[in-house]
Each structure stands twice: as C-alpha cells, then as structure tokens.
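Enquirer: mind looking at a prediction? Sequence and model below.
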Amino acid sequence: MRGGDAVLPETSVVAECVEVERVFAKRVIEVLRGSGLLLPRSRAKSNRVRGTVRIPVAAGSAAAELLETLGIPSELCADTFEVGSRGLRLVDLLRGSLPDEALSRVPRSYQVVGNIALVHLPEDLLEHGPAIGEAIARVSAGVRAVYSSTSTEGEFRVRRLVRLWGEDATETVHTEHGVRIALDIGKVYFNPTLSYEHWRVSEEVVDGERVLDLFSGVGPFSLHIASKREATCFAVDSNPWAVVYMLRSIALNRLRGRIVPVLSSVEEFLEAVGEGSFTRAIVDLPHRSLEYVDSVLGKLVCGGVVHVYALGGEEPPTVAVGGARLVETRRVLDYAPRKYVYGLKLVRVCPEE
Ligand SMILES: C[S@@+](CC[C@H](N)C(=O)[O-])C[C@H]1O[C@@H](n2cnc3c(N)ncnc32)[C@H](O)[C@@H]1O
C-alpha cells in the first residue's frame, strides 16, 4: 500500500486453493465466482517460475471437481492470501486498532475529490489520524492521499487540511458526469456533493444562453453547461486560484460553449455589466447570496432565471424581492445541524408582462 508505513494489521488468510496454468486463470476465476466458490475479497497469487496461478477458494474439493467437469486441469493447494478491504466498513477495519470510545466517534462518511479523500475528524481524534486515513485508503479505490478537513472558511471558502495518510499532494482532477474539474483542495472551494446540482442546472440551459455564474469557484456550473450547450458563461470569482484551475479545466474538457473566467469581486463585476444582458444567473455564496438577488435580477432579460443557493433552517429562507416569481425551492445540501443550503429558482417578471 502506498503512503508510508502501514499502521493497521496486515490482512491475510490461510485458505484452500486451486492451482491452474496461467492461461486458464481468468476463466477459472469467473467460473468460481459465478458458482460462489471463490473466496471473497482475497487476491490470487501467481507463480512466474511455474507459470501457474493459485486461486483461493471456499471449498477446495468442490472447486477442483467443477474444474474437472470443465476439462481444466488443476491441483488442490493451501496457501496464505492477502485479503482486500473493499466493501468493508471503516469501523470493521479499525476495530482493535483504536480504543472503543474513539472508534465510536470515527465519522461514518467521507468525501472523495479526484484521488484525494477528505474526512472531518474532531481535534481529539487526530492522534488516530494515520490509522483512520489508512483505513479510508484501503476501502476506497484509487485514493492516494487522505486529509482531515475543517468546514470551509474565509472569503475564499477554503478548508484547512491536516494530512492523515499518503502523498503530500492537494492538487487533483475530479470528474463529475464526465466533466473534468482541476483543483487544489487546499487553495479553492470545492464540494463533490454538489455534482448533481451542477448537472441539474446545466440540463435546464439551452443553446444560445448567456449565463452569469457568480461565486463560481473553479467553475463547475459553467463547465457542465459549456460541455453540453452552445452557451456563454461568465464565471466570476475573487480567488485567483479558482480562475487558474478554471482555465486548466477549460483546456481539459471538450466544450461546446464558451467560458469567460473573470477574476473580480462579484460586487465590482455587477457594477460593470449592463442591465438585461443575461438569460440566466447562478448565485452561490450560501451565507450571503440573498443580498445579491435584487441587483442580479436587473442583469437578466425578462423571463430570465436565477438559481440562488441560500441558507435556511427546517424552513427555506424567504426571498423578499419585487420583480421576480419564485418557481422552485429545494433542499440541496446539509450545512450544519438543522441548517441546510436551499436552491431557490426565481424568474424575472417585467411590469408589461
Ligand atoms: C460556495 S463557493 C462557490 C462554489 C461554486 N459555485 C461551486 O459550485 O463549486 C463560494 C465562492 O465565492 C467566492 N467569493 C466569496 N466572496 C466573493 C466575492 N465578494 N466576489 C467574488 N467571489 C467571491 C469564493 O472564493 C468561493 O470560490
């Protein structure tokens, strides 16, 4: 396993096996899996000198008999096999390596961004960080680093990170619905839980639209939209790193539309653009989005749509603006205990309509 010294016990079992010539190995594994005789999660061992593979099985003689009926020569054997951890729960892997009290507080979930896993560990669990990080890496495919992260903070909504396991590398490429998004989890905001929302909004857009993607971060809304529609998206963020990674993603994807990355505060940008210039806007700074709705509506054509992401409790936030009709309210994300991010969709209504 990559990432330095393992702190969890090695997982291996002694098991019966069938030894077959290498040319038959793939087929034998399929047949044994299909008949329930393959030992779950264990890894076959190949012997280069003999040109054979030892395949761990749950019942040796039944497996050998089955192979005989298929005309595949095999020999019964017994050996030690590595047992993989996929499909195991974190707590099962960690049991025995952590005190029970700490084990009971290990988070049940974590996020994977590209090939980096993020888990939120309380301060006093950090001493068990290496074991928890290694366990996460074992149960999730392709993870090369595991970090504990705080919730997002500061103007740029970036997380503070503590490396638990693996490479010291915070840059990655995350894929959402086929859209490739380059980012550095230590320098920009990104939340993989929003992938459905990015996709859902992009599905509403039609060719020819002009979209204002405010508080765009690394530009996932714009990347989803421009990857499927001939639309032009102005993606505005004040974090220079967000714009750097957005440019990289523009180069990584085959886009149908255009993205214009804008490094600016939203306030200054809104002052600079004309009224009625856009068909759609996205406002995604949940703790402050509602402050911008009024001026954003003015930038839309009549009938233009604005998707606002805003904080609420058990009840959604209320938007008190004239000149708009609220057409949809959905709960999008858990933010804190009994606090949620809501997605509100408003349509600009002009007096003559
Ligand atoms: C919640 S994140 C945006 C997430 C992004 N829309 C996505 O889906 O990943 C908010 C973003 O707003 C940016 N930001 C905060 N205040 C800003 C401001 N006044 N003007 C422009 N960008 C700002 C931050 O840098 C951050 O990238």
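Expert: Alright, I've got the coordinates.
Enquirer: okay, the residue of the stretch 1-150 of the chain found nearest the ligand: pLDDT?
Expert: The stretch 1-150 of the chain approaches the ligand most closely through V113 (11.1 Å), counting by Cβ to the nearest ligand atom. Every residue, glycine included, has its C-beta placed from N, CA and C. Note on V113: pLDDT of 95.
Enquirer: give me phi/psi at it?
Expert: With angles defined as degrees, to the nearest 10, V113 sits at phi -120, psi 110.
Enquirer: just to check, it is in contact with H174?
Expert: Yes. Contact criterion Cβ atoms under 8 Å: V113 and H174 qualify, at 5.0 Å.
Enquirer: residues shared between the contacts of the two?
Expert: Taking Cβ atoms under 8 Å, 6 or more residues apart in numbering as the criterion, V113 and H174 both touch 183, 190, 192.
Enquirer: of the residues you listed - the most surrounded one?
Expert: L183 (28 neighbours; other Cβ atoms under 10 Å).
Enquirer: tell me the spacing between it and P192.
Expert: Distance of L183 to P192, given as Cβ to Cβ, to the nearest Å: 10 Å.
Enquirer: what do the two both touch?
Expert: Joint contacts of L183 and P192 (Cβ under 8 Å, 6+ apart) are 113, 174.
Enquirer: name the residues linked to the residue of the stretch 1-150 of the chain closest to the ligand by a beta bridge.
Expert: Under DSSP bridges, the beta-bridge partners of V113 are I116.
Enquirer: count residues in the vicinity of it, would you?
Expert: 20.
Enquirer: so who does it touch?
Expert: Per Cβ under 8 Å, 6+ apart, neighbours of V113: 172, 174, 183, 185, 190, 192.
Enquirer: could I get those residues as CSV with pLDDT, distance to V18 and secondary structure?
Expert: Shown next, in CSV, are the contacts of V113 (pLDDT from 0 to 100; distance: Cβ to Cβ, whole Å; DSSP: H, G, I helix; E, B strand; the rest coil):
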residue, pLDDT, distance to V18, secondary structure
T172, 97, 41, strand
H174, 96, 41, strand
L183, 98, 47, strand
I185, 96, 45, coil
F190, 96, 47, coil
P192, 93, 42, helix
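Enquirer: which of the residues you listed lies closest to R163?
Expert: Nearest to R163, judged by Cβ to Cβ, of the contacts of V113 is I185 at 11.1 Å.
Enquirer: hang on, that closest one packs against V146?
Expert: No. Using Cβ under 8 Å, I185 is not in contact with V146, being 11.5 Å away.
Enquirer: higher neighbour count, those two?
Expert: Using other Cβ under 10 Å as the criterion, I185 and V146 rank with V146 on top: 26 against 23.
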